[in-house]
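1. Next input, structure requested:
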Amino acid sequence: MGNLMYAALRECKTDEEKKKLILQCLERKANAAEEDRQVVGDFKQGLEWFNTSEPLSLQGNLKGKLVILDFFTYCCINCMHILPDLEAIEERYSIQDGVVVVGVHSAKFDNEKDSGNILNAVLRYNISHPVVNDGDMTMWDDLKIQCWPTLLFVGPTGDYLVPLMGEGNRELSMMICDVALEFYKARGLISDHSLPLKPSKDSLPESPLLYPGKVELSHEGDKIAVADSGHNRILLLSLEGVVEHCVGGPDIGYKDGSFEDARFHSPQGMVWRNGDLFVADTENHTIRKIDFRQKVVSTIAGTGQMLDGKVGGGRWTDQELSSPWDLEFGGPNRNIMFIAMAGTHTIWGLFFEDGTWLKEIFHREGTCMAYAGSGKEENRNNSYPHKAAFAQPSGISAANEDALNCLFLADSESSTVRSISFKDGAVKALVGGERDPMNLFAFGDEDGKGYDVKLQHPLGVAWNRRDQRLYVADSYNHKIKSVDPVTKTCTTVAGCGQSGKVDGAPLDVVQFNEPGGLCVSPDGKKIYIADTNSNAVRVLDLDSQSVQELKVVFPTKAAAKPTSAQKVKKLVSARSPIVTVDEVDIIPGADVTVNLLISLPEGCELTEGAPTAWQVYAQDSAKESISAISPYYGKLTSLEETPNTTLNIPDSLAGSNITLRTEADVYFCEEVSGTCHRKGVAFEVSLHVGSTGQTTKETKSIELKHSFTL
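-> Residues are numbered from 1 along each chain as shown. As a prediction, the model looks like this:
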């Protein structure tokens with residue numbers, strides 16, 4: 001029934017048709033006889049929860065809420081793609097508004113059933129809503145869920161409402177929330193009670209690195225670039241681990257500019273060219289260039305928006321991308337940047353020079369297009385590159401020797417390592433998986449040959465010219481393996497298979513924790529490993545047969561602890577009115593006093609004991625909080641005296657345009673009827689900060705007025 005509803009919504013031509021269908025569904029559910037109701041069963045007892053201080057219950061503390069169950073598994077790129085949709089929903093509707101998102105982790109891989117690994121994923125992907133580890137997929141089976149991701153809407157009394165499958169359902173999700181909230185509020189079924197939330201991010205360790213995804217040595221072998229993914233930055237280290245440059249971070253963002261101003265979002269793979277470092281800025285869907293001579297970051301490909309399509313053909317920053325995960329140069333004269341486009345399950349090429357290639361087709365400089373893969377999520381090999389298919393390619397490495405002349409790739413969701421010929425684009429199996437291209441569950445931990453080999457979600461590969469072996473980060477088996485591409489044999493090099501961080505020798509007692517990337521030193525004697533969940537870079541010495549952590553050392557203690565701009569959680573929903581105030585000119589160093597003049601409807605008073613509050617903070621043009629201006633937050637217990645606060649505009653903001661945003665979240669009750677209300681309002685004041693200050697101190701006073709109505 002649920003799948004039919006989803007299909008019917010997709011068939012609707014207009015929003016009005018969709019709203020009408022949703023409303024009909026809600027009315028049918030509300031009017032159903034008790035024996036005909038389809039009620040979602042509660043979570044099993046004893047499951048482990050994240051971002052909460054106690055378990056949640058559909059029939060307990062979630063009753064009275066419109067609940068969105070997100071069935072996901074943390075390896076899945078499509079599941080990652082809808083996280084911004086869920087954040088947008090949580091931004092628009094608060095828990096007090098009556099909407100709650102609950103992640104139901106339903107693991108594909110054995111390694112993903114472990115609660116410690118799920119916690120790392122929750123922290124790595126900045127998931128703030130409650131998540132439960134349903135390792136046995138009990139709720140998945142009970143509700144007949146068919147794919148990752150699936151969103152299931154559950155009514156305030158537990159009724160099964162609407163399932164949405166796959167990506168691209170943000171607007172439809174918002175529409176369902178709008179219609180359902182109006183419907184259930186009119187019937188008095190929505191509650192504004194709070195929930196026992198406890199952010200897991202409070203347990204984040206203090207560490208120079210946070211979930212590093214990839215590592216890449218310079219061509220000379222004297223510098224190490226680390227994608228410090230959890231801190232949203234790139235570090236350039238000496239071989240001794242001393243930080244020479246810190247580029248970007250720690251805040252999530254998308255911004256070119258100086259090393260201090262630049263912002264990334266979970267960067268992953270990197271590749272060097274002529275002294276510049278190119279970065280797959282994965283969750284910004286772009287390729288960035290770091291120029292260490294000029295000390296600036298620029299975007300060379302991608303628009304910042306996720307690709308809606310699979311083919312491409314645009315040039316440079318006119319072409320959208322989708323979750324690029326790794327980069328490598330290859331092809332004629334090594335002038336093509338290959339991109340592991342995890343989001344579309346394809347391999348792309350970005351041409352750095354004009355030229356002809358496969359089938360003597362001419363491509364202009366800057367052309368960015370799909371090179372191999374149909375876009376279907378499969379483990380399909382084929383002599384024709386566009387008839388082959390991949391499943392979330394996450395690591396690539398070139399072997400330019402005449403006998404090989406190919407690109408190796410770690411195809412994570414098929415648990416295989418495969419190759420693509422530079423000569424004709426033919427895609428061939430190397431190790432892992434099985435012959436059935438549709439089976440993406442052929443994983444395990446077995447050395448051997450060809451299809452007898454079993455891997456588990458490998459994320460990285462690195463070619464070693466010295467011993468003619470391909471080294472593989474077998475991520476979910478917590479091992480480093482080596483593959484002979486001639487004999488198609490695979491052997492374990494390091495790691496006992498248990499997750500952890502144990503250095504030393506022999507190599508079969510060493511422990512890794514979901515290593516995500518690796519690279520080989522120019523002399524072929526050392527393997528540098530981004531040991532993601534260990535928050536470390538590890539060095540495997542092939543001569544001494546040992547592993548040691550490379551200690552990351554910042555020049556100063558202050559630099560070792562990235563200071564994030566203070567995140568401001570909005571008090572009011574996106575549907576609250578916004579009052580725009582005329583622009584104010586102000587000099588650097590001046591103070592701004594904000595006076596809040598709000599009035600309640602006649603015969604109303606503030607609700608005693610309710611969390612009525614207000615806050616003031618500054619935003620830049622991208623709506624990001626400005627850390628240079630400390631935000632203010634205060635409780636409102638009375639409106640008899642005008643609430644006010646004063647903020648200083650520092651000299652560092654000279655010449656900038658900022659927005660001062662004030663929000664008030666007000667609870668009040670009617671004295672006669674006793675009916676209580678919750679209303680919100682936001683004020684936005686544009687401040688133009690002059691280029692120079694004055695010798696005398698300036699204070700500007702701003703009055704913000706609003707009258708609430710019933």
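2. Following the helix or strand harbouring D582 in sequence, what is the next regular element?
-> D582 is part of strand 578-586, with elements assigned from DSSP states H and E. Moving toward the C-terminus from strand 578-586, the next helix or strand (DSSP H and E) is strand 591-599.
3. In CSV, list the C-alpha atoms belonging to the strand holding D582.
-> Extracted in CSV, the C-alpha atoms of strand 578-586 (Å, rounded to 0.1, in the frame of the first residue of the first chain):
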residue,chain,number,x,y,z
ILE,A,578,10.9,38.1,9.3
VAL,A,579,10.9,41.9,9.9
THR,A,580,13.5,43.7,7.7
VAL,A,581,15.0,46.8,9.2
ASP,A,582,16.7,49.6,7.1
GLU,A,583,20.4,49.4,6.6
VAL,A,584,22.6,50.9,9.2
ASP,A,585,26.1,52.4,8.6
ILE,A,586,28.5,51.9,11.4
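4. List the contacts of that strand.
-> Outside of strand 578-586, the residues within contact range by C-beta atoms under 8 Å, 6 or more residues apart in numbering are 592, 649, 681-690, 698, 700, 702, 704-706. Placement of C-beta: from N, CA and C, glycine included.
5. If we go by neighbour counts, what in stretch 285-305 is buried?
-> 285-290, 292, 296-297, 299-303 (16 or more other C-beta atoms under 10 Å).
6. what two of these have the greatest distance between them?
-> F292 and T303 (25.2 Å; C-beta to C-beta).
7. In space, what's closest to E671 - neighbours in sequence excluded?
-> Leaving aside its sequence neighbours, E671 sits nearest to G603 (C-beta to C-beta, 6 or more residues apart in numbering; 5.2 Å).
8. Run a quick neighbour tally on the one you found.
-> G603 has 11 neighbours, counted by other C-beta atoms under 10 Å.
9. Could I have the PyMOL command that selects the buried members from the contacts of strand 578-586?
-> Here is the PyMOL command that selects the buried residues among these (16+ other C-beta under 10 Å):
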select buried, resi 592+649+681+682+683+685+687+689+690+700+702+704+706
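10. Please enumerate the helices of the stretch 501-650 of the chain.
-> Residue ranges of the helices in the stretch 501-650 of the chain, as given by DSSP state H, counting those that start in this stretch, are 557-560.
11. meant to ask about the chain, not that
-> For the chain, applying DSSP state H gives helices covering 2-11, 15-30, 77-81, 83-92, 115-124, 138-142, 170-186, 557-560.
12. packing partners for the first one?
-> Spelled out, that is helix 2-11. Contact analysis of helix 2-11 by 3 or more C-beta pairs under 8 Å, 6 or more residues apart in numbering; DSSP states H and E lists helix 15-30, strand 160-165 as its packing neighbours.
13. Average pLDDT for stretch 26-44, rounded please.
-> The predicted model assigns stretch 26-44 a mean pLDDT of 95.
14. pLDDT weak spots in this structure?
-> Applying pLDDT under 70 to the chain flags residues 1-2, 556-567, 622, 692-697.
15. Pick out the residue nearest the middle of it.
-> Residue closest to the mean C-alpha point of the chain, counted by C-alpha atoms, centre = their mean, is Y125 at 4.7 Å.
16. Which residue, neighbours along the chain excluded, lies closest to M369?
-> Closest residue to M369 apart from its sequence neighbours, by C-beta to C-beta, 6+ apart: G312 at 4.2 Å.
17. again, but for S323
-> In space, S323 is closest to G343, 3.3 Å off (C-beta to C-beta, 6+ apart).
18. check contacts around that neighbour.
-> 77, 81, 285, 306-307, 321-324.
19. Tell me how many other residues crowd the residue lying closest to G500 once chain neighbours are set aside.
-> Counting by C-beta to C-beta, 6+ apart, G500 lies nearest to Q511, which is 3.5 Å off, once chain neighbours are set aside. If you count neighbours by other C-beta under 10 Å, Q511 ends up with 21.
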